[in-house]
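Engineer: below is the sequence, then the predicted model.
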Amino acid sequence: MLYLLVFLGSLVLSVVATWCVRNIAKAKGWIHEPKSDRHMHTMPVPRLGGVAVYGSFTVVVGTFLLVARMSGFSIALPVKTTLVLMGTGLLVFLLGLYDDLRGLSPYAKFGVQAVAATLLYLGGLGIHRLDLVSSGNVLHDFIGLPLTILWVLLITNAFNLIDGLDGLAAGSALFSIVVVFIISLVLPNPSTTILALALAGATLGFLRFNFHPATIFLGDCGSLFIGFMLSALALAGSQKAPTMVAVAIPVVSLGLPILDVALAVARRFLGGKPLFGADSQHIHHKLLKRGLSQRDAVLILYAVTAGFGFLSLLLLHSETAIALVLAVTGIGVLFGVQQLRYQEFAEVLSLLQGFTRRRQVLANHVAVRHASESLNECKDFSSICQLLRRTLEPIGFDAIRLQMLNPNGFSASSFHPLLKAPDGSLLFCWSQRDVCAPPWELRIELATNAHDRWGYLTLIRMSDGQALALDLNILTDEFRTSLSNAVGQACVRLEAARHGNGNGNVQEERAQQRAAGSMAD
């Protein structure tokens, strides 16, 4: 009953406060004009909704503290911890309010947030142990403090970044708060439970006016405050969890804003853009570019946030489930990012594929060079053809065609396994495809010198959809010379076989001398 009163009190107070803030902001002209293509609204909208959220949360928590001390409730918030949390929350709220009214540089905002995170750490609400590093032992301040600051900066600004569609930041935060609430019940942690319920009621009451079409926005005072409170409550709520689970639960439960920040930083770094500059390439922007409406995009991201929350709750069931949860999360993130079609990551993937292709090119070049050496040992067309097949088939060629300039009346069987084609050329095909009309050919002249020109060899490739992993220049250098000499020697042996061994030996010796002289040149 006590928990229900806290939630309902915060909810009702938030609804009233948001209605009042919206009307006052309209009357005073404190509205936000759409000024760039990043802004999804077309009409001026007040953006001080964070005042209502902060006010409702503070009043309910303060009232609970007062009533608890006066009536002696068994569930009471530790005064020191609560004051630290409320004091640092006030600092972050004022920071956001000043930024809404006057504007601040990113570095100034980071500086104030770092101060708030430091005060949070000194007050006992920070990363004081990390089992990945210290196996349950308390971390030294020079490790725990930077980790706490990094965590607070990450989550605080993450919710500020996703506050780009009506109801997105508040709704996503609400799902994350529910996860914190459930965790605080399971572990248990009554203090975190009360604070989470108060924040959930304040956020839900505001969401009534912020869902599409929104009549009021959170503003930086709201998004920064909610993000800051979630970063603190997520740490406090999971501190009693064992080993790595204490680290994994808040990371997974806040997966959507963390993912958006990570993608934004990676995109801007790869694109050579300022890391803290604004753009229209966040996850919600990409969904809108895919043709979704604001409402549909927000609902999809709600489902994503709920999915992250569900996975984080699975970690409470068994510590051994962490590997499975992280694997499922990783696969889901990779699939989702792929669907968003970020050009920066597509370029990185293309670069990685280029490295892989370069390795294949290197392997193909080595194979061609080995073939150039082996061709010097080939004395007939059968051995030449088999060597060319072993070399060219893995590269992607399907057949070879030989056109002799002076066939000297040899029968087609003399060139086995080459078969005579209707156009008089000799064809050797190792593919099942029809090579009569190939889309891709490479013709190489076979000549040992200006006087000994044997003909042409054509490399046939039936597939033109995939790039050839080969520098074609390698086929016109040493390989061409070796192939020309091999064809020349094979022709001399055919001539020798027809006229007798004695005369043929003389001709073969002359051919070998010409080949040797050509290679020496």
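Structural biologist: Now that the structure is in, tell me what you want to look at.

Engineer: run a quick neighbour tally on residue 362.
Structural biologist: Using other C-beta atoms under 10 Å, residue 362 has 11 other residues around it. For every residue, glycine as well, the C-beta is placed using N, CA and C.

Engineer: what's the spacing between it and residue 284?
Structural biologist: According to C-beta to C-beta, to the nearest Å, residue 362 and residue 284 sit 44 Å apart.

Engineer: same question, residue 141
Structural biologist: Taking C-beta to C-beta, one finds residue 141 at 38 Å from residue 284.

Engineer: which one's more surrounded, the two?
Structural biologist: Higher neighbour count among residue 141 and residue 284: residue 284, with 23 against 13, using other C-beta under 10 Å.

Engineer: OK, contacts around the more buried one?
Structural biologist: Each residue near residue 284 by C-beta atoms under 8 Å, 6 or more residues apart in numbering is listed here: 162, 164, 165, 168, 297, 298, 301.

Engineer: that one should be in a strand, yeah?
Structural biologist: No - checked against DSSP: H, G, I helix; E, B strand; the rest coil, residue 284 lies outside a strand; its state is helix.

Engineer: give me the pLDDT for it.
Structural biologist: Model confidence at residue 284, given as pLDDT, is 89.

Engineer: go on, residue 314?
Structural biologist: On the pLDDT scale, residue 314 is placed at 86.

Engineer: and residue 480, by the same measure?
Structural biologist: 90.

Engineer: residues in contact with it?
Structural biologist: 444, 445, 446.

Engineer: could you rerun that using 7 Å?
Structural biologist: residue 444 (C-beta atoms under 7 Å, 6 or more residues apart in numbering).

Engineer: mind checking how far it is from residue 366?
Structural biologist: Separation of residue 480 from residue 366 (C-beta to C-beta): 17 Å.

Engineer: residue ranges in the protein under the pLDDT threshold?
Structural biologist: Applying pLDDT under 70 to the chain flags the ranges 34-42, 72-77, 130-137, 238-247, 318-320, 406-410, 412, 449-451, 464-465, 500-521.

Engineer: which stretches in the stretch 351-500 of the chain count as strands?
Structural biologist: In the stretch 351-500 of the chain, the segments counted as strands under DSSP state E, counting those that start in this stretch are 399-404, 419-420, 426-429, 440-447, 453-461.

Engineer: mean neighbour count added to those strands, as TSV?
Structural biologist: Formatted as TSV, the strands of the stretch 351-500 of the chain follow (neighbours: other C-beta atoms under 10 Å):
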stretch	mean neighbour count
strand 399-404	20
strand 419-420	14
strand 426-429	21
strand 440-447	16
strand 453-461	19
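
Engineer: got these as CSV, with distance to residue 48 columns?
Structural biologist: What follows is the strands of the stretch 351-500 of the chain, written out as CSV (distance: least, C-beta to C-beta, whole Å):
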stretch, distance to residue 48
strand 399-404, 75
strand 419-420, 84
strand 426-429, 76
strand 440-447, 66
strand 453-461, 67
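
Engineer: and the longest helix seen in the chain, what does it pack against?
Structural biologist: What stands out as the longest helix in the chain, according to DSSP state H, is helix 343-375. Judged by 3 or more C-beta pairs under 7 Å, 6 or more residues apart in numbering; DSSP states H and E, the packing partners of helix 343-375 are helix 255-270, helix 381-392, helix 478-499.

Engineer: and the angle from the first one to helix 343-375?
Structural biologist: Just to be clear, that refers to helix 255-270. 60 degrees (axes from the mean of the first three to the mean of the last three C-alpha atoms, to 10 degrees).

Engineer: got the contact list for helix 255-270?
Structural biologist: Surrounding helix 255-270, the residues in contact under the criterion C-beta under 7 Å, 6+ apart are 154-155, 157-159, 161-162, 172, 251, 274-275, 277, 281-283, 301, 304-305, 308, 329, 333, 337, 342, 344, 348.

Engineer: okay, and which of those residues map to strands?
Structural biologist: Judged by DSSP state E, those include no members of strands.

Engineer: make a ChimeraX selection of the buried ones in those.
Structural biologist: In ChimeraX syntax, the buried subset of these is picked out as below (16 or more other C-beta atoms under 10 Å):
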select :154,155,157,158,159,161,162,172,251,281,282,283,301,304,305,308,329,333,337,342,344
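
Engineer: what about the contacts of helix 255-270, which are in helices?
Structural biologist: If you go by DSSP H, these have 154-155, 157-159, 161, 172, 251, 283, 301, 304-305, 308, 329, 333, 337, 344, 348 in helices.

Engineer: in space, what's closest to residue 348 - neighbours in sequence excluded?
Structural biologist: residue 270 (6.5 Å; C-beta to C-beta, 6 or more residues apart in numbering).

Engineer: I meant residue 342, not that one.
Structural biologist: residue 267 (6.2 Å).

Engineer: count the neighbours of that neighbour for me.
Structural biologist: Quick note: residue 267 (other C-beta under 10 Å) scores 18 neighbours.

Engineer: tell me which two in the contacts of residue 284 are the farthest apart.
Structural biologist: 162 and 297 (11.3 Å; C-beta to C-beta).

Engineer: the chain - how does it break down into domains?
Structural biologist: Under the assignment automatic domain parsing, the domains of the chain span 2-243, 377-520.

Engineer: switch those domains over to a markdown table; also include distance to residue 257.
Structural biologist: A markdown table is the format used below for the domains of the chain (distance: least, C-beta to C-beta, whole Å):
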| stretch | distance to residue 257 |
| --- | --- |
| domain 2-243 | 3 |
| domain 377-520 | 40 |
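
Engineer: distance of residue 385 relative to residue 431?
Structural biologist: Distance from residue 385 to residue 431, by C-beta to C-beta: 14 Å.

Engineer: name the residue in the two with the higher neighbour count.
Structural biologist: Using other C-beta under 10 Å as the criterion, residue 385 and residue 431 rank with residue 385 on top: 20 against 14.

Engineer: quick one, what contacts the closest residue to the more buried one other than its chain neighbours?
Structural biologist: In space, and not counting its chain neighbours, residue 385 is closest to residue 428: 4.9 Å by C-beta to C-beta, 6+ apart. Residue 428 makes contacts with 385, 399, 400, 417, 418, as judged by C-beta under 7 Å, 6+ apart.

Engineer: please redo it, this time with the cut-off set to 6 Å
Structural biologist: Contact analysis of residue 428 by C-beta atoms under 6 Å, 6 or more residues apart in numbering lists 385, 400, 417, 418.

Engineer: again with residue 459
Structural biologist: When contacts are counted by C-beta under 6 Å, 6+ apart, residue 459 touches 397, 442.

Engineer: can you give me the distance of it to residue 172?
Structural biologist: Distance from residue 459 to residue 172, by C-beta to C-beta: 58 Å.

Engineer: and for residue 55?
Structural biologist: On the measure of C-beta to C-beta, residue 55 and residue 172 end up 21 Å apart.

Engineer: just residue 266 next, same as before
Structural biologist: 20 Å.

Engineer: cool, residue 219 as well?
Structural biologist: 16 Å.

Engineer: same question, residue 418
Structural biologist: 69 Å.

Engineer: one more: residue 433?
Structural biologist: 54 Å.

Engineer: residue 165 now?
Structural biologist: In terms of C-beta to C-beta, residue 165 sits 10 Å off from residue 172.

Engineer: for residue 91, same thing?
Structural biologist: 23 Å.

Engineer: and if you look at residue 58?
Structural biologist: The gap separating residue 58 from residue 172 is 22 Å, by C-beta to C-beta.

Engineer: find the nearest non-adjacent residue to residue 51, please.
Structural biologist: Counting by C-beta to C-beta, 6+ apart, the residue nearest residue 51 is residue 21, at 5.2 Å.

Engineer: wait, I meant residue 380
Structural biologist: That would be residue 490: by C-beta to C-beta, 6+ apart, it lies 5.2 Å from residue 380.

Engineer: what is the neighbour count of that neighbour?
Structural biologist: 21.
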